[in-house]
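Asker: Sharing a model prediction with you, sequence too.
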Amino acid sequence: MSGILKLRQKLIEQLTIAAAKAQQTGKLPTVALPEVSLEHPQHSKHGDYASSFPLKLARATGIKPLTIAAEITNLMTPGPEVESIVTAPPGFINFTLKNSWLTSQIETILPAGETYGNIDLGQARRMQVEFVSVNPTGPLHVGHGRGAIFGSTLANVLTASAYNVEKEYYINDAGNQIDVFYRSLYTRYQQCLGAKTEMPVNGYLGDYVTDLAKEIIAEKGDRYLNLPETEVISQLGQLGLDKMIAQIKADLELLGVTFDVWFSESSLHRKGQFQTAMSLLHQGGYLAEKEGATWFMSTALGEDKDNVVIRGNGSPTYFATDIAYHYNKFVERKFERVINIWGADHQGHVPRMKAVVNALGISPERLKVIISQMVTLHRGEQLVRISKRSGDLITLREVIEEVGTDACRFFFLSRTADSQMDFDLELAKKESADNPVYYVQYAHARIASILRLAEERRIDFGNGDVSLLTHEPELVLIRKLMLLPELVETVATTLEPHHLTYYAQDLATVFHSFYRDCRVISPNKTLTKARLKLVKATKIVLAKTLRLLGMTTPESM
RNA sequence: GUCCCUGUAGCUCAGCCGGACAGAGCAACUGCCUUCUAAGCAGUGGGUCGAGAGUUCGAAUCUCUCCAGGGACGCCA
C-alpha cells in the first residue's frame, strides 16, 4: 500500500482510538461510534485532512460538536508525519502534514516510476469488463466510441488496482439481426451483379453494405450467384461478418481500445451452455409455458413483467442467450465480478438480467451494469447525425480521424457515464488554450523540456536534497502528486473514470504555477537538483495519469 | 401510463454515501515573454444549485410532489 493510503488509514485509526479512550475515561458518553470520516477539505487553510466525526457524534451524544472535537484532539498525539491537529468550528478536526514528510514522498515516487499510483485493492481477484459488444451488422458510431473509451479506461484503472482484468467483446453472431444482415448483404451482392432483387424487410440500408458487397465481388467474383440460396447466405454471410468484425476491431484500435477476448454468441449454442443454463432455470421452477412460448417468470422475483426466452417458433430470444452468456461468465469461467457497459437503449434489460443472475444462484452484487448515456454530435451550432440508417451519417472512424485519438478519449472521459453528452467537433479539434487536452499534454512536454536541458548540462540530480523544497508552489505540487493513489482507489471503487481527467487538469495547473514561480535550473546548484527531483516525480505522475486515460505523453509540442 | 438518466455561472460540465464562504474549463475584461516551451501565468466580473414542501444542528447532496429535456417499456438486439 502506498504511503499516503497507509497514512490515511492511520489517522482514521487514531481518531477511533481517541474517541474510544474519551468514552472509557468518561469524557464522552458511551454511545455507538459513527463511521470515522476523513476527507480532503475544500480549502487548503483547513489542512490536508479533515474529519467531521465530532459533528456526527454530536447527534448521538447531545454534546456540542466543538467540545467533542476538543476532547478527541486532546487524546491524540501527532505521529511523525503530522504537523498539527486542530479543531475548527462548527466541529471539525483538521490535520496538517509536516513539510518534511511531504517532500520525502518524492523519494517514494521516483523509484516507483510507472508503478506509482498502483494499489493492491483487487488482490488479483478475477474481474471481467465487457464492453462495446456492438452487433457486427454495421460500423461503429460515436456513441459506441464512448462506451469503448470508458471501458478501456476503467480496465486500465482496475488493472492498476491489482484486479486480474479481462476485457471482452461479445459478438452477436447468431439470431435475427445477423440473419437480416446476411440477407441484406446477399441482396446487395446480387444487385451489384445486375440482378433486380428487393432488400429484405427492415434490411440494413447503409452504403457500407453495398461497399462490402463490392469488396467481396472484387475478391471473389460472382461465384456465389449460382449456389443454392441457403448455402450462399451462410458462406457470403460468414465472409461479410468476418470483414465487419475486422473493421470494428480496426476502428477500436485507432481509438486505443483492445480486447483480450472476442466471445462468440454462437459458441454458447455449439458448446451446450445455452441448454445447461435453460435447464438450470427450469429446475429452479423459473420457466413456464404460456401463449405458445417459454417464459422466464421474472414477476415471481419482483419484476414488472415476464420475459420470453424461447419463441413460439422454437428459437431463443436475445435475452435467453444473454442468460447463457452470464451463466458462462460466472459459472463456467468463474469471474468474481463482472462489469457490463451497455448503451442507454439497454437500460430496460438491466433489472431482468439481475433477476436471472439471481435465479441462477449467483449473488447479483457480482454483476455491475454501467449504462453509458447517449451522445449527440455537433459541429459548432449544427447537429451532426450519427444514426446507422440515415444517409448523412458520420462514423466513429471519421470523427477519430478528424479530432484525433487523444482529444476523443479526453472529451469522452470528461463526463460521467450517466449524463448525456454533447460532443462538439469544433471545440474538440481546436488546438489552443481552450482545449484541456493540450493544456495537460503541454505540461508534460514542458517537463520533458526541462529534463532535456538538465541532461544537456549534465546535471546529475540523483543526490538532490528534497528537504530544500519549502516554497509554497513546491509543496502545493507535492500534495497534488500524492493524491494519485487515492484517486486510483476512488475510480476503482466508484467505477467513475471521469475523475482522472479532472485530476490531470488540476495537476497540470499546479505544475504550470510552480513553473512560473520556481525557476528549476538556476545558479543555485543544490536547489536545482532538489527541484529536478520534483519535476521528475511530476513527470512520472502526469504520465501515469495520461496512460491510465489511454493517451499519449508527448515529449515536445 | 410505468421505469431509468439528466436539470448547478452566458456555454460545456465537476461536486451529490449531508458538513466549513458553491468549483473548473471556455467565453468577457485587465495585466505578464532579454532567463528552463506564452499551447503558459496572475487577476476581475459572473450563480433563485429547475420549482415547491419535508427530514436535520446543517441540504446542490436525503425524501416527497411537480415542471422541463432525453431514453426504455417487442416472441428486436
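Answerer: That came through, no problem. Numbers count the residues shown, from 1 in each chain, chains lettered A, B, ... in the order given.
Asker: Pop out the phi and psi values for the residue nearest to A:Ile394 when sequence neighbours are not counted.
Answerer: Excluding its sequence neighbours, the residue lying closest to A:Ile394 (C-beta to C-beta, 6 or more residues apart in numbering) is A:Val384, at 5.4 Å. Where C-beta positions appear, they are placed from N, C-alpha and C, glycine not excepted. Its backbone dihedrals place A:Val384 at phi -110, psi 130, with angles given as degrees, to the nearest 10.
Asker: What's the per-residue pLDDT of A:Arg366 here?
Answerer: We have a pLDDT of 95 for A:Arg366.
Asker: ok so, going back, what sits opposite the residue nearest to A:Ile394 in the beta ladder?
Answerer: Beta-bridge pairing of A:Val384 under DSSP bridges involves A:Leu377.
Asker: thought it was touching A:Leu425?
Answerer: Yes: the pair A:Val384 and A:Leu425 qualifies as a contact (C-beta atoms under 8 Å) at a distance of 7.0 Å.
Asker: More neighbours: which of the two?
Answerer: A:Leu425 (21 against 17; other C-beta atoms under 10 Å).
Asker: OK, contacts around the residue nearest to that one when sequence neighbours are not counted?
Answerer: Closest residue to A:Leu425 apart from its sequence neighbours, by C-beta to C-beta, 6+ apart: A:Arg379 at 4.7 Å. For A:Arg379, the residues meeting the contact criterion (C-beta atoms under 8 Å, 6 or more residues apart in numbering) are A:424-426.
Asker: Nearest to RNA strand B among these?
Answerer: Minimum distance to RNA strand B across these is 7.1 Å, recorded for A:Asp424 (C-beta to the nearest atom of the strand).
Asker: Was I right to think that closest one contacts A:His378?
Answerer: Yes: the pair formed by A:Asp424 and A:His378 meets the contact definition of C-beta under 8 Å, at 4.8 Å.
Asker: Which one of these two is surrounded by more residues?
Answerer: It is A:Asp424, of A:Asp424 and A:His378, that has more neighbours when counted by other C-beta under 10 Å, with 18 against 15.
Asker: per-residue confidence for that one?
Answerer: In this model, A:Asp424 is scored at 78, pLDDT.
Asker: Give the phi and psi angles for it, as a check.
Answerer: phi -100, psi 110.
Asker: now A:Ile17
Answerer: With angles defined as degrees, to the nearest 10, A:Ile17 shows backbone torsions of phi -60, psi -40.
Asker: How many residues are close by it?
Answerer: Other residues near A:Ile17 number 13, with proximity taken as other C-beta under 10 Å.
Asker: Can you tell me how far it is from A:Met551?
Answerer: A:Ile17 sits 43 Å away from A:Met551, taking C-beta to C-beta, to the nearest Å as the criterion.
Asker: got it, and A:Gln283?
Answerer: From A:Gln283 over to A:Met551 the distance is 50 Å, taken as C-beta to C-beta.
Asker: So between those two, which is more surrounded?
Answerer: Per other C-beta under 10 Å, whichever of A:Gln283 and A:Met551 has more neighbours is A:Met551, with 25 against 9.
Asker: What sits closest to the more buried one if chain neighbours are left out?
Answerer: Nearest residue to A:Met551, sequence neighbours excluded (C-beta to C-beta, 6+ apart): A:Asp406, at 4.6 Å.
Asker: again with A:His144
Answerer: Take A:His144 and drop its neighbours on the chain: the residue closest to it by C-beta to C-beta, 6+ apart is A:Val134, 5.2 Å away.
Asker: and what of A:Arg146?
Answerer: Of all residues beyond its chain neighbours, the one nearest A:Arg146 is A:Phe412 (4.8 Å), with distances taken as C-beta to C-beta, 6+ apart.
Asker: With A:His512 instead?
Answerer: Leaving out its chain neighbours, A:His512 is closest to A:Ala443 (C-beta to C-beta, 6+ apart), at 6.1 Å.
Asker: check which helix or strand covers the one you found.
Answerer: Secondary structure here is read from DSSP states H and E; on that basis A:Ala443 sits in helix A:436-456.
Asker: Identify each buried residue in that helix, please.
Answerer: By neighbour count, with 16 or more other C-beta atoms under 10 Å as the criterion, the buried positions of helix A:436-456 are A:436-444, A:446-448, A:450-451, A:454.
Asker: ok, which of those residues also contact RNA strand B?
Answerer: The subset of these lying close to RNA strand B, counting by C-beta under 7 Å from any atom of the strand, consists of A:436, A:438-439, A:442, A:446, A:448, A:450.
Asker: Where does the prediction get shaky in chain A?
Answerer: A:1-2, A:380-381, A:386-393, A:430-434 (pLDDT under 70).
Asker: Now do the strands in it.
Answerer: Taking DSSP state E to define them, one finds strands in chain A at A:49-51, A:82-88, A:92-97, A:126-130, A:164-171, A:261-264, A:287-290, A:293-296, A:307-310, A:337-343, A:367-372, A:375-379, A:382-384, A:421-424.
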